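> this one's structure only:
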Ligand code: B12
Ligand code: SF4
């Protein structure tokens, strides 16, 4: 299969200039870096500038007031991180796919005199690997340990390892510093998080990582509303693992969001449709899209992955409940489970088209280090290598049961090709004709514009290009809500869908 077009800037990290000799270290200044990762040319490049990660803005929010803090995201294609003035401390987020880049950045800043602190999921799952690359590791929750780290730097007493617990009350955390994010670079800077953890523990999910204890916790509804308001944007993306884990909490959140007149999307599990009255509350509160981890259409895969979920035979009816409330569905599917045979690709896409999912993302099953899935693959001798840069869910890093790794990768690429084709986009159009033009606008901007995305990202035009569509969606959604308020659950009619893509 022909490889899709990808510009160099989306494939290769910006060069770190070995000849740079920075000026003196500026004390009490910290630079936080989100490292570069190569983009998957099969998926939309727009996905990476939909909404920012909250990892480093949360850390920035916990920085003592007498420290200067700045933020650099290498994925915004503005070059390598700055070095003037030269920071005393550099904090870097590490995920397995960009661990090598994080280590290269760490080496560059350490050689020039900065203290480097590494944190993030990969540091939690592979601390021994990360340790030689850092002056200090932040393992687990970072917000509570960051001020202590900076105080220890001031005192010249930095320790090797700091451990943060996810048991501490979540509501005590200060709000993230969203003001540090360049507003023009994202569709919205309002990434929100209301809950932590998930009521499920799927064997392939990062939440099942050995040593990660993340009890389910919620923030106060009013804190979430205040953060939404403070960022002044009409659209937010909830980056919670599963905003629907506790339905009564979601209901109270919806009631509080409703008067704001804003729109939002969130990741939920499909059991959120157990109670259509909750779906209705979500719609009335401004929910225009949900990101749903269906994972697989084969029940046996879900049972083996330990996922508590309604039967796949009931998925389509449940999708219709969301559609009936004007909520778009972006489905997430994992390919390569042990019960998947070579027909899984065609069957999955055919189902997506029948159920008219507006969008879908595909992931090759990936055993993250420290998870039950990793342990079982390792003990069965099925891992092909441990090159983390390829553990990005677009490469087969293990031997599947019923196909070769190459067939799995080809099938994955075929799924995206098919989903982003004109025919598939058209087949999945909403049933209500009024919703078709905005659906097409969204689909073509998101899925068929990878050449444009590169330029939009480079010239910081993501926000300006997308915001008129967001505002249009909000206006239409407000009209839709007024009509929905006048209907009862029994006489709901399908309404116009929305333009903004759902979830991450
Ligand atoms: C927003 C998001 C994105 C965004 C932005 C990504 C980015 N790196 O900029 C987009 C949409 C682009 C994206 C893309 C992808 N993502 Co993503 N994403 C998320 C999401 C939903 C939220 C991240 C977040 O803000 N969390 C909240 C913050 C506060 O938590 P945190 O990141 O853990 O940070 C805390 C600590 O780890 C620590 N910490 C972190 N960094 C640092 C640094 C320092 C110095 C310190 C002291 C502490 C510290 O302190 C923080 C506060 O406690 C998570 C799921 C989730 N809910 O976490 C998935 C998640 C991180 N993504 C994941 C994946 C797999 C991907 C993709 C590979 C998927 C794909 N195939 O496209 C891509 C590629 C990105 C990549 N290579 O990393 C996985 C990672 C799994 C793993 N074990 O690594 C997750 C966990 C989703 C999942 N359930 O599997 N993603
Ligand atoms: S439902 Fe989703 S977030 Fe929850 S454990 Fe499973 S994969 Fe992870």
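Alright, I've got the coordinates. Predicted model, so just to flag it, every value in this text is computed and none were measured. Ligands and ions are numbered 1, 2, ... in the order given.

> does ligand 1 sit close to the longest helix belonging to the chain?
Longest helix of the chain, by residue count under DSSP state H: helix 462-485. No - taking CB under 6 Å from any ligand atom as the criterion, helix 462-485 and ligand 1 are apart, separated by no less than 12.2 Å. Every C-beta, even on glycine, is put in place using the N, C-alpha and C of the backbone.

> Run a quick neighbour tally on residue 299.
By the criterion of other CB atoms under 10 Å, residue 299 has 14 neighbours.

> for the one 4 residues further on, same thing?
Counted with other CB under 10 Å, the neighbours of residue 303 add up to 12.

> ok, now the one 3 residues further on?
For residue 306, the neighbour count with other CB under 10 Å is 15.

> Starting from residue 76, give me the distance back to it.
Per CB to CB, to the nearest Å, residue 306 is found 37 Å from residue 76.

> for residue 479, same thing?
34 Å.

> Check the burial of the closest residue to residue 455 other than its chain neighbours by counting its neighbours.
Closest residue to residue 455 apart from its sequence neighbours, by CB to CB, 6 or more residues apart in numbering: residue 461 at 7.4 Å. Residue 461 has 16 neighbours, counted by other CB under 10 Å.

> Residue numbering should commence at 272 henceforth.
I'll keep to 272 as the first residue from here, and by that count the last item is residue 732.

> Quick check: residue 732 touching residue 723?
No - between residue 732 and residue 723 there is no contact under CB atoms under 8 Å: 9.3 Å.

> Now the element after the helix or strand bottoming out on mean pLDDT in the chain, going C-ward?
Among the helices and strands of the chain, helix 707-718 carries the lowest confidence by mean pLDDT, DSSP states H and E, at a mean of 85. As assigned by DSSP states H and E, the chain's next helix or strand after helix 707-718 is helix 721-729.

> what's the distance between that following helix and the middle of its chain?
20 Å (CA atoms, centre = their mean, to the nearest Å).

> now stretch 509-528
That offset, for stretch 509-528, works out to 17 Å (CA atoms, centre = their mean).

> which element is the closest residue to residue 480 other than its chain neighbours on?
Among residues not flanking residue 480 along the chain, residue 641 sits closest, at 4.0 Å (CB to CB, 6+ apart). Here residue 641 sits in a region with no helix or strand, counting by DSSP H and E.

> Next: residue 380.
Counting by DSSP H and E, residue 380 is found in helix 370-382.

> next one: residue 499
Using DSSP H and E, residue 499 falls within helix 492-502.

> Could you pull out the buried residues of that helix?
492, 494, 495, 496, 498, 499, 502 (16 or more other CB atoms under 10 Å).

> Say whether ligand 1 is contacted by the very next helix or strand once past that helix.
Note on helix 492-502: by DSSP H and E, the next helix or strand toward the C-terminus is strand 506-509. No - Strand 506-509 does not reach ligand 1 (CB under 6 Å from any ligand atom); its nearest approach is 8.0 Å.

> Show me the strands in the chain, by range?
Ranges of strands in the chain, per DSSP state E, are 296-305, 339-344, 357-364, 386-390, 407-411, 432-435, 462-463, 466-467, 488-489, 506-509, 534-539, 558-566, 599-606, 630-635.

> per-residue confidence averaged over the first one?
Per-residue confidence for strand 296-305 averages out to 98 on the pLDDT scale.

> Quick one: distance of the least confident helix or strand of the chain to the chain centre.
21 Å.

> Same question for stretch 695-706.
Here the centre of stretch 695-706 is set off from its chain's centre by 26 Å, with CA atoms, centre = their mean.

> Can you give me the first-to-last residue distance of it?
Stretch 695-706 stretches 16 Å from its first residue to its last (CA to CA, to the nearest Å).

> higher neighbour count, residue 750 and residue 347?
residue 347 (21 against 11).

> From what I see, that one and residue 734 are in contact.
No - using CB under 8 Å, residue 347 is not in contact with residue 734, being 11.5 Å away.

> Quick check: neighbours shared by these two?
Residues within reach of residue 347 and of residue 734 at once, by CB atoms under 8 Å, 6 or more residues apart in numbering, are residue 456.

> Residue ranges in this structure under the pLDDT threshold?
By pLDDT under 70, the low-scoring segments of the chain are 272-273, 760-775.

> The closest residue to residue 587 other than its chain neighbours and residue 574: what is the separation?
Using CB to CB, 6+ apart and skipping residues adjacent in sequence, the residue nearest residue 587 is residue 626, 4.7 Å away. Per CB to CB, residue 626 is found 22 Å from residue 574.
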